[in-house]
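Student: let's see this in three dimensions:
(one chain, ligands or ions: 1)
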Amino acid sequence: MAFELRDRDLLGRIGRLKTKGGTVETPAFMPVINPLTQTIPPSRMRKEFHADIVITNSYITKKNFSDVPDLDIHRLLDYDGVVMTDSGAYQILVYGGVEVTQPEIIEYQKKIRSDIAVILDIPTGWDVPREKVEYTVDETLRRAEAAIPLIADSDALWVGPVQGGRHLDLVAKSARSVGAMPFQVHALGSPTEVMERYMFPVLVDMIVAAKRNLPPDRPLHLFGAGHPMMFSLAAALGCDLFDSASYALYAKDGRYLTPHGTLRLEDISYLPCSCPICRKHTAEEIKTATKAEREKLLAEHNLHACMTEIDAVKQAIYEGSLWDLVERRSRGHPAMTSALKRLWMYRGDLEAGSPAFKGHGVFYYDQHSLARPEVTRYERLLASNYGRPEGAEALILVTQPPRRPFNGSEEYRRLYQHLANELGEGIDRLHLCFYAAPYGVVPADLSETYPLSQYEISEPLDLETLRYTAGAVASYVRGSGHRAVYLYRGRGQLDDEVEGALMDACDEAKMNLTTIWSNDPWTGDAFAALTNTLKTRG
Ligand SMILES: [Zn+2]
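Tutor: Predicted structure coming up:
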């Protein structure tokens, strides 16, 4: 197997991709190298920027260096890491065609000893009629099929591209078909324009449509992804490789990349970055440098920004905090927040990829955190794996104690002691649960398990979180099979919201609902009110 997985979080993973030119750790960002002109010499890329893999264009190389005998792409670029070559498909997209056939460009990539190479696919592009999209998908598949015998003797890794653009059914079909062929790497085509237009929610849809239909053990390359702001999002959805010339193109245009968005050089007075360029220079020095020098400094900073963000993504996968990083980065631009919101639709996919236990607590910030894998997993497991204790006919829903774990808190211990004293063995007929945001019902006997005792939540709760929590409580109660429900509530907003949802749910399920309301549920008077009600109701 060329691809070995080490760590995972959400659909993101740290992997090792073995190529004949060396092993690359993923997620990896590949700087695009123009074989004719370079803002940063590739010979500096490994040592100074930790770029162990780069990508260049075999079509441009062939057009300009066809007279060089026995050309080795590593030697031409003066780069000793892993070299991926693209086939000229991008030129088809931009110029409408290329002066090369697929067998020629496949043969050429083998000849120049590319480590990872791409067939000559037909990019879908943007704003094209569906018939045209169908053509690009079918023609790309036809070419992929035709490429198989041509690459059978090759020791490079070959990329089977996925097309389809924003037509998700076609992306799915393309991924399913090419995933069944013997390629070692896959790539999602055509996202460049989606990214340039900041249509990040569409990008989320496209990546998931591809990912769901590709073999999970092959790396996925996102063509043309070069903004550090979106690396964590794309990695969270399972993209392993990124490539872009943006570090150099943005520099030409006076733009400064950060993981939070793009700044224009003329607007910068202070350099908010700790890369060697930004520590060695002031903003003023970069602004007043010659055009060529300015471009070079900006390109170097931009590449540092990309490479540093990849490390941040890897560290987040390693420590299981990728969701937190995605949430932080989503604040870089409203379109990124839209993408974060879109993840709600795919929370099942994200949960399935995430490890069940993490060595640290969960931070819950606001409604966006509802799509966290821990919340999804708890909702799923409570519904499918948790049954009420035998003989427990009445459900007591207790407002959350001030400390976690809830059942270990001094307040709850006093309540429990009071119930035991007053009810004697009758306590066995009670199913004691808490209700708390964002999880909904937290059975006392589960409240010490992960992540129910290890989370921090920001307060006051927002409306969406209140509604989700109340909905989760109601949904549990509806399916719980209890004879009667007692709501032991305080006077907070969540208590109101839960009571409202329970009234509807109990009505619907023909269950008896009794509410015991108090200003401070942790006093002896409040405890007595609860036991009196329980005794009266039998
Ligand atoms: Zn910098």
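
Student: get me the contact residues on the protein for the ion.
Tutor: Listed as neighbours of the ion in the chain under the rule CB under 5 Å from the ion: 273, 275, 277, 278, 301. (C-beta placed from N, C-alpha, C; glycine too.)

Student: for the stretch 151-300 of the chain, which segments count as strands?
Tutor: Along the stretch 151-300 of the chain, the segments classed as strands by DSSP state E, counting those that start in this stretch run 157-162, 185-188, 220-222, 241-244, 255-258, 261-264.

Student: pick the most deeply packed of these.
Tutor: Of all these, strand 157-162 carries the top mean neighbour count, a mean of 28, counting by mean count of other CB atoms under 10 Å.

Student: figure out which of the strands of the stretch 151-300 of the chain is closest to residue 390.
Tutor: strand 220-222 (47.6 Å; CB to CB).

Student: which elements pack onto the helix or strand bottoming out on mean pLDDT in the chain?
Tutor: Here the helix or strand of the chain ranked lowest by mean pLDDT, DSSP states H and E is helix 89-95, holding a mean of 78. Using 3 or more CB pairs under 8 Å, 6 or more residues apart in numbering; DSSP states H and E, no helix or strand is in contact with helix 89-95.

Student: now whatever helix or strand comes next after that helix: buried residues?
Tutor: For helix 89-95, the succeeding helix or strand toward the C-terminus, using DSSP states H and E, is helix 102-111. By 16 or more other CB atoms under 10 Å, the buried positions in helix 102-111 come out as 102, 105, 106, 108, 109, 110.

Student: is it correct that residue 441 falls within a strand?
Tutor: Yes - according to DSSP: H, G, I helix; E, B strand; the rest coil, residue 441 belongs to a strand.

Student: returning to that earlier point: CA-only coordinates of the least confident helix or strand of the chain in CSV, if you can.
Tutor: Output in CSV follows, covering the C-alpha atoms of helix 89-95 (Å, rounded to 0.1, in the frame of the first residue of the first chain):
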residue,chain,number,x,y,z
ALA,A,89,-5.7,19.5,-18.0
TYR,A,90,-5.6,23.0,-16.4
GLN,A,91,-4.5,24.4,-19.7
ILE,A,92,-7.5,22.7,-21.3
LEU,A,93,-9.7,24.6,-18.8
VAL,A,94,-8.0,27.9,-19.4
TYR,A,95,-7.2,27.8,-23.2
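
Student: just the buried residues of that helix, please?
Tutor: So, applying 16+ other CB under 10 Å, buried residues of helix 89-95: 89, 90, 91, 92, 93.

Student: hang on, the earlier thing: let's have the residues of the chain next to the ion in TSV, adding neighbour count and distance to residue 153.
Tutor: Below are those laid out as TSV (neighbours: other CB atoms under 10 Å; distance: CB to CB, whole Å):
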residue	neighbour count	distance to residue 153
273	19	46
275	17	43
277	19	44
278	21	48
301	24	43
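
Student: top helix in the chain by residue count?
Tutor: Secondary structure of the chain per DSSP state H: the longest helix is helix 291-319.

Student: what's next to the least confident helix or strand of the chain, contact-wise?
Tutor: 57, 59-60, 98, 118, 120-123, 125, 161, 189-190, 223-224 (CB atoms under 8 Å, 6 or more residues apart in numbering).

Student: just the ones in helices from these, please.
Tutor: Those of the contacts of helix 89-95 lying in helices (DSSP H): 59, 60.

Student: just the contacts of helix 89-95 now: which is nearest residue 180?
Tutor: Out of those, the member with the shortest distance to residue 180 (by CB to CB) is residue 161, at 14.3 Å.

Student: the closest one and residue 141 touch, don't they?
Tutor: No - using CB atoms under 8 Å, residue 161 is not in contact with residue 141; the gap is 9.8 Å.

Student: and for the residue most central in space within the chain, nearest residue in space, chain neighbours not counted?
Tutor: With distances taken as CA atoms, centre = their mean, residue 236 lies nearest the centre of the chain, 2.1 Å away. Spatial nearest neighbour of residue 236, chain neighbours left out: residue 10 (4.3 Å); criterion: CB to CB, 6 or more residues apart in numbering.

Student: and the residue of the stretch 401-538 of the chain that's closest to the ion?
Tutor: For the stretch 401-538 of the chain and the ion, the shortest gap (CB to the ion) falls at residue 458, measuring 31.4 Å.

Student: partner residues bridging the closest residue to residue 185 other than its chain neighbours?
Tutor: Of all residues not flanking residue 185 in the chain, residue 159 sits nearest, at 4.6 Å (CB to CB, 6+ apart). Beta-bridge partners for residue 159, by DSSP bridges, are residue 118, residue 185.
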